[in-house]
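Peer 1: Structural data only, the sequence is not supplied:
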């Protein structure tokens, strides 16, 4: 417990003494009782399944479990750090080659997986979230090499962790409503205790950060950090990646958080902005989102040019404004086809839920802009969508030019 927590204990005792003196015990208990859980229903095949959930997380009756787990002031990686990624995963053997390269003084690989979280408890052992059988929260777990990562970051972050311990990024702690002492239980039975809440920037905006040699199955090499950021180091990082997966170098400062897929919102930021849903797997890439989240966040409304669309509520007004601007510019004809908005599915066969699963992305002119092909979108469409807060997939290293994604907090101007 921190110093502030220790100071609060005698204050609480004095309050209890005063209450005993001036009011009845019954009245004192009524004054001090606060609700601990919010219970909401998930709908599964027509049957309501009741469980504590995050669907009502903005209700004022929720306790503030973060009082003793406030993260330290905004921090960052050392300014001479370079991040390398290559799409879904790094090329085979790339991280080992970099570690053995004398031109690169320091490097570390970060592994990541999306794993099924099924229960959380606070430091007192009280349930915060508990899901019915078959349902889970998909969470991004990043695994770090203790000595190498701590050397790169110049912090004691991962080394002090035991195998059954974890860190939460600051945003993840808000989403999870957990602090130090909280517990996480995954679908494979692994349980971890939260030992600290740290700034997003120092753990790649991980929802959960663990040791690479811990019990969770986190194997995919997602990205690599190297120091110092010098021409010689950059040359080595580029040369070593020649082959199946071309390395993409991102210097410090180019994006808010150095991590793979840095140009889009990390999963934890999507959850913070647009809500978190429980899900269950369906065949292929399809998933089913918890009905309580769907009812609260997904809506079907009419917008100019497109007619009726089914999207996240937060997307409707920016989209409506963008379509109206196209009309005012006499450019409504630039949208030849509309290929969907809310589509509950994952990114790839084992990736996190797609931004379409939140209903915060929309696809235009898909026939002329298949995934990976050179962009073929009218400039006016890209310009207008960017002005209204949408990132364009045509700017990505592997183009997805049909794709426009709402990105709160990002500079989408062109």
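Peer 2: Thanks, I have the structure now. Here the structure is a predicted model, which is why all the values come from computation and not from measurement. Numbers count the residues shown, from 1 in each chain.
Peer 1: ranges for the strands of the stretch 1-150 of the chain?
Peer 2: 39-44, 47-52, 82-85, 106-121, 127-130, 137-144 (DSSP state E, counting those that start in this stretch).
Peer 1: Quick one: neighbours of residue 308, just the number.
Peer 2: 8 (other CB atoms under 10 Å). In this view, the C-beta of every residue, glycine as well, is placed from N, C-alpha and C.
Peer 1: just to revisit the earlier point, between the strands of the stretch 1-150 of the chain, which one is closest to residue 373.
Peer 2: Proximity to residue 373 (CB to CB) singles out strand 82-85 among those, at 21.4 Å.
Peer 1: partner strands of the closest one, parallel or antiparallel?
Peer 2: According to DSSP bridges, strand 82-85 forms sheet pairs with strand 221-227 (antiparallel), strand 248-251 (antiparallel).
Peer 1: Enumerate residues external to whichever helix or strand comes after the shortest one that contact any of its residues.
Peer 2: Pointing back at strand 248-251 there. Reading on from strand 248-251 to the C-terminus, the next helix or strand found by DSSP states H and E is helix 267-274. Residues outside helix 267-274 that contact it (CB atoms under 8 Å, 6 or more residues apart in numbering): 114, 138-140, 169, 171-172, 174-175, 200, 205-207, 265, 297, 312, 314, 352-353, 355, 358, 360, 408-409.
Peer 1: could you flag which of those residues are buried?
Peer 2: Neighbour counting with 16 or more other CB atoms under 10 Å marks 114, 138-140, 169, 171-172, 174-175, 200, 205-207, 265, 297, 312, 314, 352-353, 355, 358, 360 as buried within the contacts of helix 267-274.
Peer 1: about what we covered before: of the contacts of helix 267-274, which belong to strands?
Peer 2: Secondary structure assignment by DSSP state E places 114, 138, 139, 140, 169, 312 of the contacts of helix 267-274 in strands.
Peer 1: and of the residues you listed, the nearest to residue 347?
Peer 2: Of all the ones in strands among the contacts of helix 267-274, residue 114 has the smallest distance to residue 347: 9.1 Å, by CB to CB.
Peer 1: rewinding a little: please convert the strands of the stretch 1-150 of the chain to JSON lines, extending it with mean pLDDT.
Peer 2: Supplementary listing: the strands of the stretch 1-150 of the chain in JSON lines, determined by pLDDT from 0 to 100:
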{"stretch": "strand 39-44", "mean pLDDT": "31"}
{"stretch": "strand 47-52", "mean pLDDT": "31"}
{"stretch": "strand 82-85", "mean pLDDT": "95"}
{"stretch": "strand 106-121", "mean pLDDT": "97"}
{"stretch": "strand 127-130", "mean pLDDT": "98"}
{"stretch": "strand 137-144", "mean pLDDT": "97"}
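Peer 1: In TSV: those strands, plus distance to residue 307.
Peer 2: Shown next, in TSV, are the strands of the stretch 1-150 of the chain (distance: least, CB to CB, whole Å):
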stretch	distance to residue 307
strand 39-44	28
strand 47-52	33
strand 82-85	38
strand 106-121	34
strand 127-130	38
strand 137-144	32
